[in-house]
Every structure is written in structure tokens, then in C-alpha cells.
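Engineer: got a predicted structure plus its sequence, pasted below:
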Amino acid sequence: MTNLLKTKIDFLVGEKKAIILEKEINVKTIEDLLYYFPYRYIDKSTFININQIYREDVYIQIKGKVVGKEIVKSKTPRLVVKFADETGITELVFFKGLKWINESLKLGQSYVIFGKPTKFQNSFNFAHPDFELLSKYVSNPQEKFSPMYNTTERMKNTFLNSKGISKIMHIVFNYLKGNIDESLPNYIIEKYNLLPRNVALQQVHFPFSPEHLEKAKNRLKFEELFFMQFEHQATKTTRKSKNNGFVFNFVGKNFNDFYNKYLPFTLTNAQKRVIKEIRADMKNGYQMNRLLQGDVGSGKTLVALLIILIALDNRFQGAIMTPTEILAIQHFNTIQNLLQKMSNIRIALLTGSTKVSERRKLLPYIADGTINIVIGTHALLEESVQFNNLGLAIIDEQHRFGVAQRSKLWEKNNVKPPHILVMTATPIPRTLAMSVYGDLDVSVINELPPGRKPVHTIHYYENGRLRLFDFMREQIKKGRQIYVVYPLIEESEKLDLLDLKNGFDAIERSFPLPEYHISMIHGRLKPQDKEYEMELFKKGITNIMVATTVIEVGVDVPNASVMVIENAERFGLSQLHQLRGRVGRGAEKSYCILMTSDKLTTDSRKRIDVMCKTTDGFAISEADLKLRGPGDLAGTAQSGVLNLKLADIIKDEPIMRECRRLAEFILNKDPELLYPENILLKNYLDRHKANTDYSQIS
Ligand code: ADP
Ligand code: MG
């Protein structure tokens, strides 16, 4: 019967619609269609009057007339429609599909509007609501839960609007007559008291009651999260069954000399703990695949160095790979400095700009093991770079590398893959780590070195600019240096650069030569010019560095103690946190000033509040995850791993945890899935393995 669900939908909907469904929403088979869930349900039994709207968070239905329309041409053009009923007037705002919507919503016509109101200043408006001609609208007092499906313009043109999809769903369910195979083993369904799959699917589209809907969703979320965790655990099980890791048996002279004589400060307890966790991994015979999380400034570099020394003690080479050249150079300088007195250790830097002659000299030394530690960018991945015996590869700032790039490191050795440690400076909330990097083991540095003073963060509206300039003068008088950062978003690059230029001019007028020196850098400058301006700032010659986000990573100027972020409402939380991390590195009290326009949306207001309230990177990324949803967070978009339809990794964290425990339990007992009761799970994996080669994922 499985074939029934895998059947193409053509014969049910006709070829033309089938093509559109595949193109627009990637629905090919009956199963794809069944898993195209409604995004919400409409209570079609009630209308709300415009003057009765008082809250933001619920979907409502209003009925009235279009009384005005205007296309506002700004950075992002939008269509603003004035919509009125007998009790009041509201605005419908559209940012996408302007032409089509403008044609569909006719002046003087009556419509039914479904949507979620947003509070703006003191009134409510609707962003991208659904609408339907009142004359075509059929009110149905029975349909308290009619499903609403997302559709596209092209779908609507072929009668595949929400109602059209709903009709097709009815046809499909009639055709299947309950013949939908179970995907989970019976013992799981019983243990967790889940609805059978066929009932859950029927109820999620056409629920009898809120309780039915809840149970249906619960079952489908469980299924989704369970298979996600099950795949991660299966990957881990396969990896650990191979028993193919280098064994770093002992700690020797390199580590001990450095630790006892040259360590510049006492390690924090968190640093000690993660080193222990990593050491245990490196001697148990399995290849390590570990994610090391730690906030900006938590001291990951030192951890990396210490474990590389252990690799060296066991006669292996170590490598550090970074996403940018600036970071590679910084690590190279730091590590060379720290190992100054240990002349037996040879370190090399290898990046895209390493001169050909220099490269030619280095490569043989890397290949014969003369060089012990190699630090570089993805230039390390080139085929010409061969190691003698790479035992440990460390990847800094993981989110900028794709999985495919990482796996190339594995091939640097003929015999066995090196141990892999992935370090990330953007703290990832545990829930996200569990879902995206569920197959990696995780260590966390949850403590900053002592003596760090939190950066004092203040929010000013535009009318605070004079106060801001006074404050900057005061700080410069004390000898401090200042960053002023402007957003630069690709889509509006020209306008943004204009903003930067105008900002620079305004600052230049208020901070004139010869008393003040100002620099400006942005991505369009030539590398030499960037470096030159950066040098002036590092040497303390310039007082103010006006920049775009090019300074987000890698820049380390301890005397810079003030970070001014312009148009702060346009930055994401993690970016604000990274930028703020550029100050607070020296001994001086540091400040971060967030400048915004007077009009803030609810979300940007929340982001600013979070920044003013906390400097804890984990708290910030939790908040970020809540505000934006996981899809957007650094790295997850590219990784494509998080592809959840119903489950929410924050709200459904308890289910996810339980699923993880369950998956671990099953695979411990039956690692090769040979028990008859696990046949469905084995089939699932076999189907999915065809698409993914697990041995390649680090
Ligand atoms: P990140 O985790 O962001 O990579 P770094 O490794 O660059 O952080 O460390 C940030 C700063 O903290 C560096 O200047 C480093 O020398 C310093 N540092 C690291 N560990 C300690 C420690 N245990 N005590 C004091 N300072 C430390
Ligand atoms: Mg770092």
C-alpha cells in the first residue's frame, strides 16, 4: 500500500495543476500533498468590527470597502490600502506582489479580509492579509475550522487558491479511504499515546474540534522531531561503530612545558572542563566530531592551542582553518607569540594571498611533517596541500563553512580521518544545536575570563544626537577611540553607502581637523586602503572609525571603547552582539550606543531592549531564535537541515528531548535495526541514506 502515497498526483488533479503544484510548492506525490499543512484555520462564523480591534496576536476576519489606495515609493515600495467598515478605518499594507494586488483590490468594492492586526503607533493595520470579494464569500456557520493554505500568485491563477487546495484534499482523502500506512512502530505509538498516522493527517486538514487538531498536530510534530533525532543518532552510531580514530594516548613535553611555564593566565574552570571533554574524545579510539561553543571573548583560541599541543605530543600535526584571512593572520600572530619560547614547534600561515614562492617553500614541509601547525583559510583545502599526519583539525567560526567544505578535511589523511573540532563564536542555543548539529557532541564555555566589565549599552533616538556627539567628544578627550557603524544590506547597497557617506560628512563637520582625525572603511575599498585606515586606527592616530559591518569579525583594538551603531533597528540581534563584542576588550569602561529612528516596529523595539538588558550571548541568541524563528539564524539556512513543517524547536523542546532519548535508546539496543519491530525505522533510514552519504558529514 505504500505505493499509494508515493503515487504522483497527476491523475487526481490533472496534468496542468500537477505541474504548477510541483513548481510552486514542490508537491509531487499524494504524500507530499498530505504533508502540505494548513498554516491556520479560520473561524468563518464571526466578523470583527474595525473599532473592536484591540490586540495583535490573533487572526480575525473583517468585512468592508476599499476607500483609498496608494503606492508609497520608498526604499521598499509598498501598497497602502485604506479599508473601512461602518465603525472605522484601517490600513492594509503590502510589500510583495504589488501590481497583482493593486489590480485585485478595487476602489469602492467590498471584501472580506483575514489577517493578524499589527499595532502601529496608536492604530492597527494589517500586513499582507488574505482577501476575498464579499460577493464570492460564502459564510458557513459550521466551518469553525476551515483550513487556510499558503498559495502563490501562479497557483491562484489556476484556481489553486486556498479553497482549491482544500477541495483537492477532500478528493484525496475520499480516494484513500483511510489507506495511509503507519510510519512509526506500534510500540512507540502506544507508549506515547499518539494518534495513528491516517487519523492525524485527516484531522490536521479537517479537524472536528480544537482538541482533535491539537492531538493531530502533536502526533505529526512527534513524527517530525523523532525522525530528525533518529537520523542524527543513526549517523553517530555509524561513526562510532567504525572505531577509526587516532588514539592520543599521552600528554607530553609540549603541553606540559607550555602549561607550566608559558601559559599567560590561569584557565577558567570552563576552559579546563572543555579541555577534559576533548581529551577524553581524543583517546577513546573513535574519531572526534565536537562542536565547541563559547561567546565572543570566552577564550576558545587558548583551548585550541592546548589541544593542538596534545596532538603534537602524540607526533601528529594540527591545523586551524578560519573563514577569513584577517582571522587566520590574527590566530597565527597570537599563537606564534604564545609559543615564542618553544622553538621546536614550527608554525605556518597559508591563505589565498600567500605568495607563490612562499607556498612552494611551505608545501613540502607540511607534507613531510617538518611543520607542526598550519593555520589558514580554505586555501588549506586545496589538493596541493598534503599533510604528513594530520591528527587534529580545528575549524573556527563554523557557520561560514558548508558541510561539504568541512568534509574535505577528512580526505587530508589516507589512513584515518583527523579529529575534528568545530568552534563557533555565535552562541547557538541548545535547542538549535540539538536539531542542526545533533550528530556532533557539544562542549560549552559558559564563563568569561575574570575581570571583564560588561559593555554599558544605551539606546538613543535621533533627537539624542547632540548628546551623543558631546559624549563622543568627552571620550576622545579621555584618550578613547570610537567606532561608528552603519548597516550595509546588499539590496539597498547604494542607499546604504549614501547613508554612510552622509554620516561621515556630519561627523566630519562636528569633529573637524586638526583636533580630530576620522577614518572611513567599507567593503568597496581596496584591501590596501582598508588595511591602511585600519593601521591608523590601531596606532591610535584616528579617533573615530566610521565603517560598515566589515569590522564585524576579527578586529581587535583594545583602546577602542565606544561602539556607536547607526540605524540599529536594521541589524539582527546576533550581528549587534558581534559588533558590540568589538569593544570591552581593554581596561577602560566601554559603551555601546544604539541609534535608531523614532518609529520602531514591535520586533525592532524588542531587539533593542534585549541588547540594553543583557550582554550574555546565549540569552541573546535565545531571544533571537524566538523573534526570528530558527530558519534565519546564521548557518542554518545554508545547512538546510532544519526543514520542519509543524514542530517549533523552542516550543516543542520537551518533545524533541524525549525523541532524542528514545532514538538513543532504540539504537543502543538495536544498532543495526535488525529487530522486526524496528522494520519501519530501518526502511526510513534506507530511503534517506540514498540521498545523504553519512560518512562525509562531520
Ligand atoms: P574567542 O573565544 O572569542 O575566540 P579569544 O580566544 O580570542 O576568544 O580570547 C579573548 C581574549 O581573552 C584574548 O585576549 C585572550 O588572550 C584572553 N583570554 C583567554 N583565556 C583567558 C583566561 N583564562 N584568563 C584571562 N584572559 C584570557
Ligand atoms: Mg575566536
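Structural biologist: Here it is on my side, so go on. Ligands and ions are numbered 1, 2, ... in the order given.

Engineer: alpha carbons only for contacts and neighbour counts from here, please
Structural biologist: Fine.

Engineer: now V81, nearest residue through space, not along the chain?
Structural biologist: For V81, the nearest residue in space outside its immediate sequence neighbours is K69; the separation is 4.4 Å by Cα to Cα, 6 or more residues apart in numbering.

Engineer: what's the pLDDT at that neighbour?
Structural biologist: With respect to pLDDT, K69 has a value of 95.

Engineer: roughly how far is the helix or strand that contains it from the heart of the chain?
Structural biologist: Taking DSSP states H and E as the criterion, K69 maps to strand 60-72. Average the C-alpha atoms of strand 60-72, do the same for its chain, and the two points are 36 Å apart (Cα atoms, centre = their mean, to the nearest Å).

Engineer: note down every partner strand of it and its orientation.
Structural biologist: Using DSSP bridges, the strands paired with strand 60-72 are strand 78-85 (antiparallel), strand 110-115 (antiparallel).

Engineer: so how far is V93 from G108?
Structural biologist: Spatial separation of G108 from V93 under the definition Cα to Cα, to the nearest Å is 17 Å.

Engineer: actually, Q330.
Structural biologist: Plainly put, Q330 is 48 Å away from V93 if you go by Cα to Cα.

Engineer: neighbour count for those two, which is higher?
Structural biologist: Set side by side, Q330 and V93 show unequal neighbour counts under other Cα atoms under 10 Å, the larger going to V93 at 20 against 15.

Engineer: wait, isn't that one in contact with V80?
Structural biologist: Yes. With contact defined as Cα atoms under 8 Å, V93 reaches V80; the gap is 4.7 Å.

Engineer: looking at the stretch 501-650 of the chain, which residue is nearest ligand 1?
Structural biologist: Going by Cα to the nearest ligand atom, ligand 1 is nearest to R585 of the stretch 501-650 of the chain, at 7.4 Å.

Engineer: name the nearest residue to that residue, sequence neighbours excluded.
Structural biologist: If you skip the residues right next to it in sequence, R585 has P558 as its closest partner in space, 5.1 Å away by Cα to Cα, 6+ apart.

Engineer: most distant residue from the centre of the protein?
Structural biologist: Ranking residues of the chain by C-alpha distance from their mean position (Cα atoms, centre = their mean) puts E86 at the top, at 45.2 Å.

Engineer: list the contacts of it.
Structural biologist: Taking Cα atoms under 8 Å, 6 or more residues apart in numbering as the criterion, E86 is in contact with G64.

Engineer: what of the one 5 residues further on?
Structural biologist: E91 is in contact with V80, V81, K82, F83, F124, N125, F126, counting by Cα under 8 Å, 6+ apart.

Engineer: beta partners for the first one?
Structural biologist: Spelled out, it's V80. According to DSSP bridges, E70, V93 are recorded as the beta-bridge partners of V80.

Engineer: residue contacts, it?
Structural biologist: With contacts defined as Cα under 8 Å, 6+ apart, the neighbours of V80 are K69, E70, I71, V72, E91, L92, V93, F94.

Engineer: sorry, back to before: dump the contacts of E91 to TSV, plus pLDDT.
Structural biologist: Written out in TSV, the entries for the contacts of E91 read as follows (pLDDT from 0 to 100):
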residue	pLDDT
V80	95
V81	96
K82	96
F83	97
F124	90
N125	93
F126	94
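
Engineer: which stretches of the stretch 551-698 of the chain form helices?
Structural biologist: Counting by DSSP state H, counting those that start in this stretch, the segments of the stretch 551-698 of the chain that form helices are 573-580, 602-613, 617-628, 636-639, 653-669, 679-689.

Engineer: output these in TSV, with mean pLDDT appended to each entry.
Structural biologist: Converted to TSV, the helices of the stretch 551-698 of the chain look like this (pLDDT from 0 to 100):
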stretch	mean pLDDT
helix 573-580	86
helix 602-613	94
helix 617-628	81
helix 636-639	40
helix 653-669	94
helix 679-689	86
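
Engineer: among those, which is the most enclosed?
Structural biologist: Neighbour counts (mean count of other Cα atoms under 10 Å) averaged over each of the helices of the stretch 551-698 of the chain peak at helix 573-580, with a mean of 22.

Engineer: could you say what helices and strands that helix packs with?
Structural biologist: helix 602-613, helix 617-628 (3 or more Cα pairs under 8 Å, 6 or more residues apart in numbering; DSSP states H and E).

Engineer: in CSV: those, plus distance to I19.
Structural biologist: Shown next, in CSV, are these (distance: least, Cα to Cα, whole Å):
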stretch, distance to I19
helix 602-613, 38
helix 617-628, 32
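
Engineer: for the protein, which helix or strand comes out least confident on mean pLDDT?
Structural biologist: Lowest mean confidence among the helices and strands of the chain (mean pLDDT, DSSP states H and E): helix 636-639, at a mean of 40.

Engineer: right, and I189 touches S183 too?
Structural biologist: No. Using Cα under 8 Å, I189 is not in contact with S183, being 9.9 Å away.

Engineer: could you pull out the strands in the stretch 51-200 of the chain for me?
Structural biologist: For the stretch 51-200 of the chain, strands defined by DSSP state E, counting those that start in this stretch occupy the ranges 60-72, 78-85, 88-94, 110-115, 117-120, 123-127, 130-133, 146-148.

Engineer: could you check the angle strand 123-127 makes with the second one?
Structural biologist: Compare the direction of strand 78-85 with that of strand 123-127 by axes from the mean of the first three to the mean of the last three Cα atoms, to 10 degrees and you get 120 degrees.

Engineer: try the third one
Structural biologist: Relative orientation of strand 88-94 with respect to strand 123-127: 30 degrees, computed using the same axes, to 10 degrees.

Engineer: identify each buried residue in strand 88-94, please.
Structural biologist: By neighbour count, with 16 or more other Cα atoms under 10 Å as the criterion, the buried positions of strand 88-94 are I89, T90, E91, L92, V93, F94.

Engineer: kindly report the same for the longest one.
Structural biologist: By neighbour count, and taking 16+ other Cα under 10 Å as the criterion, the buried residues in strand 60-72 are I60, Q61, I62, K63, G64, K65, V66, V67, K69, I71.

Engineer: the fourth one against G115, yeah?
Structural biologist: No. Using Cα under 8 Å, K63 is not in contact with G115, being 11.5 Å away.

Engineer: ok and the residue in the stretch 401-550 of the chain nearest ligand 1?
Structural biologist: Distance from ligand 1 to each residue of the stretch 401-550 of the chain (Cα to the nearest ligand atom) is smallest for P449, at 4.5 Å.

Engineer: what sits against that residue?
Structural biologist: P449 makes contact with L267, T268, S298, G299, according to Cα under 8 Å, 6+ apart.

Engineer: with adjacent residues omitted, what lies nearest to N543?
Structural biologist: For N543, ignoring the flanking residues on the chain, the nearest one in space by Cα to Cα, 6+ apart is Q481 at 4.9 Å.

Engineer: about what we covered before: could I get the buried residues of strand 88-94 as a markdown table with distance to K272?
Structural biologist: Shown next, in a markdown table, are those (distance: Cα to Cα, whole Å):
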| residue | distance to K272 |
| --- | --- |
| I89 | 63 |
| T90 | 59 |
| E91 | 58 |
| L92 | 56 |
| V93 | 54 |
| F94 | 54 |
